[in-house]
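1. pasting the structure only:
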């Protein structure tokens, strides 16, 4: 185990200690994909511009 991993293990007891830890910090994934790449194709894939 690396020193970095050992440091992470030592902090595990603090994970999700904040009462709002369960709240989403990003918008819905589908909204982000639509904003970045437009509407998905018929197959449901967000391919963006240049889709063939």
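-> Yes, it's here. Here the structure is a predicted model, which is why all the values come from computation and not from measurement.

2. mind checking the end-to-end distance for stretch 20-37?
-> Using C-alpha to C-alpha, to the nearest Å, the end-to-end distance of stretch 20-37 comes to 30 Å.

3. what about that stretch, distance to the chain center?
-> The chain centre lies 8 Å from the centre of stretch 20-37; the measure is C-alpha atoms, centre = their mean, to the nearest Å.

4. so where's the chain uncertain?
-> 16, 22, 24, 50-52 (pLDDT under 70).

5. where do the helices sit along it?
-> Secondary structure of the chain (DSSP state H): helices at 3-10, 29-37.

6. Determine which stretch of these is the most buried.
-> helix 29-37 (a mean of 11; mean count of other C-beta atoms under 10 Å). For every residue, glycine as well, the C-beta is placed using N, CA and C.

7. Report all helices and strands that it contacts.
-> Of the remaining helices and strands, none touches helix 29-37 by 3 or more C-beta pairs under 8 Å, 6 or more residues apart in numbering; DSSP states H and E.

8. got a list of contacts for it?
-> With C-beta atoms under 8 Å, 6 or more residues apart in numbering as the test, helix 29-37 has contacts from 26, 40, 46-49.

9. still on that earlier bit, columns distance to residue 19 on top of the helices of the chain, output as TSV?
-> Below are those laid out as TSV (distance: least, C-beta to C-beta, whole Å):
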stretch	distance to residue 19
helix 3-10	22
helix 29-37	24
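
10. Among these, which comes closest to residue 20?
-> Nearest of the helices of the chain to residue 20, taken as C-beta to C-beta: helix 29-37 at 19.6 Å.
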